[in-house]
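[1] what follows is a predicted structure for the sequence shown.
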Amino acid sequence: MTEKNLKTQLAHVAFDGPLLNASGIHCQTADELADLAATANLGGIVTKSATLLPRQGNENPRYYDLAYGSINSMGLPNLGYPFYLDYVQKEEAKPTILSVAGLSADDVIEVLRDVQNSDYQGLTELNLSCPNVIGKPQTAYDFVATRKVLERIFEFFTKPIGVKLPPYFDLVHFDQIAAVLNDFPLTHVNTVNSVGNGLVVDIEKEQVVTKAKGGFGGLGGAMILPTALANVRALRQRLNDNIAIIGTGGVTTGADVFAHILCGADMVSVGTQVIKEGLGVYDRLTQELQDIMDEKGYTSLADFRGKLQEL
């Protein structure tokens, strides 16, 4: 096997490999973050999306495993942004992405002002797309609201920052969100968050499987791969070249990682499959990706990134 160059980059930050953890999966506590730092073939660490104040999240049961993926209604449980901001300033084993969220635009501004005033020079990611906070809409489905919050942020924020997006399903919506994002100096977009407001029914018990929101929750895992790939592809075709893409959703094999990159992703994050398989999944995915590259004669990610052919 020819040696493969799996290195990639977001803004000024270099990563030894293209794989990330999806925010929300095994990244909430100090112990979980330490596990990620020690995980081979994980290119970087994404923190749990952090809010202004700590949150317990929604009531249990709030995660349910399915043969074809998962459904969750976590509700942004986290230890509060000061914990994660302190963590990313100390972490040295791998590059970090500080994920932040807010229950209001004012919350977001307050958190990001502290990030701006801190010594942290790494990547930040604003989660505009959590579907499971009761009573709170997904900001990125409102293009006017998205523009307004980004305008407020870039009045003062000068550090590298990207956004995490929900899935879009209409080509016009891809046009509309890209028109907004292209007006700002974003480092990247992370696409997609879980597919919001699915419903899983246990016909034996004749009831739903998660508690919050009447059982409605975010879908992840294998079943959302086509949606995730479509979002990566559509956004790569529309976004400025200097806005990188993190592809998230549906990854269970190295072939899925390859497909994300072929559609235009610079990095790929893994969520549900980590829950199903454990952190060793990154070794398997990396080996499978390298095997595919070897079969095709590719030696670097740049050889095939974004080169999906149409009929």
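    Perfect, thanks for sending it.

[2] for the protein, which segments count as helices?
    Here the chain has its helices, by DSSP state H, at 30-37, 81-90, 105-117, 143-153, 171-181, 225-238, 254-263, 272-277, 281-296.

[3] list of residues touching the longest one?
    Residues lying outside helix 281-296 but in contact with it, judged by CB atoms under 8 Å, 6 or more residues apart in numbering, are 1-2, 4, 6, 17-19, 39-42, 251, 253-255, 257-258, 270, 273-274, 277, 299, 303-304. For the C-beta atoms, the positions are set from N, CA and C on the backbone; glycine is no exception.

[4] the residues you listed in strands, which ones?
    Of the contacts of helix 281-296, the ones assigned to strands by DSSP state E are 19, 270.

[5] what subset of the contacts of helix 281-296 is buried?
    4, 6, 17-19, 39, 41-42, 251, 253-254, 257-258, 270, 273-274 (16 or more other CB atoms under 10 Å).

[6] for the residue of the chain most remote from its centre, what are phi and psi?
    Centroid-distance maximum for the chain: Glu204 at 34.0 Å, with CA atoms, centre = their mean. Main-chain dihedrals, Glu204, degrees, to the nearest 10: phi -70, psi -50.

[7] please tell me how far it sits from Ala50.
    When distance is defined by CB to CB, to the nearest Å, Glu204 is 38 Å away from Ala50.

[8] do Asp202 as well
    On the measure of CB to CB, Asp202 and Ala50 end up 33 Å apart.

[9] and those two? Which one has more around it.
    Between Asp202 and Ala50, counting by other CB atoms under 10 Å, Ala50 is the more crowded of the two (29 against 11).

[10] who touches the more buried one in this structure?
    Contacts of Ala50 by CB under 8 Å, 6+ apart are 78-81, 83-85, 98-101, 111.

[11] please redo it, this time with the cut-off set to 10 Å
    Contacts for Ala50 were tallied using CB atoms under 10 Å, 6 or more residues apart in numbering; they are 23, 28, 76, 78-85, 87-88, 98-102, 111, 115, 127.

[12] now it. Nearest residue, chain neighbours left out?
    Distance criterion CB to CB, 6 or more residues apart in numbering; nearest residue to Ala50, sequence neighbours excluded, is Tyr81 at 3.9 Å.

[13] one more: Phe143?
    Gln176 (5.0 Å).

[14] burial measure for the one you found, as a count.
    Around Gln176 there are 16 residues (other CB under 10 Å).

[15] quick check: it touching Asn182?
    No: here Gln176 lies out of contact with Asn182, judged by CB atoms under 10 Å, at a distance of 11.1 Å.

[16] common neighbours of these two, please.
    What both Gln176 and Asn182 touch, as defined by CB under 10 Å, 6+ apart, is the set Arg238.

[17] wait, doesn't Thr187 sit right on Leu123?
    Yes: contact criterion CB under 10 Å: Thr187 and Leu123 qualify, at 6.2 Å.

[18] neighbour count: those two, which is higher?
    Set Thr187 next to Leu123 and count neighbours by other CB under 10 Å: Leu123 wins out with 24 against 20.

[19] from Gln237, how far out is that one?
    Taking CB to CB, one finds Leu123 at 23 Å from Gln237.

[20] cool, and Leu219?
    Distance from Leu219 to Gln237, counting by CB to CB: 25 Å.

[21] one step back: shared neighbours, Thr187 and Leu123?
    In terms of CB under 10 Å, 6+ apart, Thr187 and Leu123 are both contacted by the residues 10-13, 97, 159-162, 244.
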